[in-house]
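Colleague: fold the following.
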Amino acid sequence: MADANSRSVLIADDEPLARERIRRLVEALPGYEICGEAGDGEEVLGEIARQAPDILLLDIRMPGMDGMEAAERIAALEAPPAIIFCTAYDHYAIQAFDVHAVAYLLKPVRREALAEALKRAGRVNRVQMQALAEKDPGTDGQLAIRTHRGTELIDLQSILYCEADQKYVTIHHLRGETVTDFTLKELENNYPRHLLRIHRHTLVGVRFIQALLKTSDGHNVIDLTDHHGRLPVSRRHTASVRQWLKEHRPG
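Modeller: The predicted model follows:
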């Protein structure tokens, strides 16, 4: 029986031997489960509709609809799988970037490279977030985050604050913490009605802003509602926070 926390993987290649080799590599890695195979682009789209895989390992040169055309259609889906190209040709790399591929691996695919690509695919799928952002321009909605456990949906109204730390951003919400590789800038631009910049490293969930206070040592902080704590406000952002409070918290 498959582990409930396993990431489902779809393999697409027109050569049976190539699919078999990729299958063996994936099955040797913990945390992944092969959910299906496809031999051309049309089959890929059909399998995605049936299986809803987390990750797609996609060849480019296939008969009929090739992998690049399939990837363009997949990128337009509401909740697309993360795409990892596995190909013998190196001159499609720029196009792969255009369709938001997570990785571009050259055949013969090495186990170490595949393991790293699969790990990367476990992070957030930017296309999925953008699709949700376009559907939900700033009212109530959810943020879809791909984690090692699968896709996690976070209510935008439940986000306390987002904090950047080196490469990643941690989203602190009412159900806990979730790490994403989205930048604060992306979150700020996509959800301006929910998240307010208060520091170079921090966005705050506007629903939880109670007051802007000055500490005894002269620093400004946001006091969060319901005893959720306080967050430092940088000098650079103090004026914009005051303006937000003036517009949204009259009196």
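Colleague: before we move on, what SS does Leu10 have?
Modeller: Following DSSP: H, G, I helix; E, B strand; the rest coil, Leu10 is assigned to strand.
Colleague: now swap in the one 10 residues further on and tell me
Modeller: Per three-state DSSP, the local secondary structure of Glu20 is helix.
Colleague: what about it, distance to Asp54?
Modeller: With distances taken as CB to CB, to the nearest Å, Glu20 is found 21 Å from Asp54. Every C-beta, even on glycine, is put in place using the N, C-alpha and C of the backbone.
Colleague: and the two? Which one has more around it.
Modeller: When neighbours are counted by other CB atoms under 10 Å, Glu20 and Asp54 differ, and Asp54 comes out ahead with 22 against 13.
Colleague: what are the boundaries of the helices in the stretch 1-150 of the chain?
Modeller: Listed in chain order, the helices of the stretch 1-150 of the chain (DSSP state H, counting those that start in this stretch) span 16-27, 41-51, 67-75, 93-98, 111-121, 126-135.
Colleague: I'd like the average pLDDT over stretch 189-208.
Modeller: Average pLDDT, stretch 189-208: 93.
Colleague: give the buried residues for that stretch.
Modeller: By neighbour count with 16 or more other CB atoms under 10 Å, stretch 189-208 contains the buried residues 190-191, 194-199, 202-206, 208.
Colleague: for it, measure first residue to last.
Modeller: With CA to CA, to the nearest Å as the measure, the ends of stretch 189-208 fall 19 Å from one another.
Colleague: who's in contact with it?
Modeller: Stretch 189-208 has contacts (CB atoms under 8 Å, 6 or more residues apart in numbering) with 129-130, 133, 138-139, 143, 156-165, 173, 184, 187-188, 209, 222, 224-226, 228, 231-234, 236-237, 240-241, 244, 248.
Colleague: what about those residues, which are in strands?
Modeller: Using DSSP state E, the subset of those located in strands is 143, 159-165, 173, 209, 222, 224, 231-233.
Colleague: show me this protein divided up by domain.
Modeller: Following automatic domain parsing, one finds the domains of the chain at 7-121, 126-248.
Colleague: Leu187 versus the nearest residue to Thr238 once chain neighbours are set aside, what's the distance?
Modeller: In space, and not counting its chain neighbours, Thr238 is closest to Asn220: 5.2 Å by CB to CB, 6 or more residues apart in numbering. Separation of Asn220 from Leu187 (CB to CB): 22 Å.
Colleague: likewise Gln142?
Modeller: For Gln142, the distance to Leu187 - CB to CB - is 13 Å.
Colleague: out of the two, which sits in the busier spot?
Modeller: For the pair Gln142 and Leu187, the greater number of neighbours falls to Leu187 (24 against 15), based on other CB under 10 Å.
Colleague: in this structure the more buried one contacts Ala164, no?
Modeller: No: contact criterion CB atoms under 8 Å: Leu187 and Ala164 do not qualify, at 9.7 Å.
Colleague: quick check, pLDDT for the closest residue to His219 other than its chain neighbours.
Modeller: Nearest non-adjacent residue to His219, counting by CB to CB, 6+ apart: Pro232, 6.4 Å away. If you check Pro232, the pLDDT there is 96.
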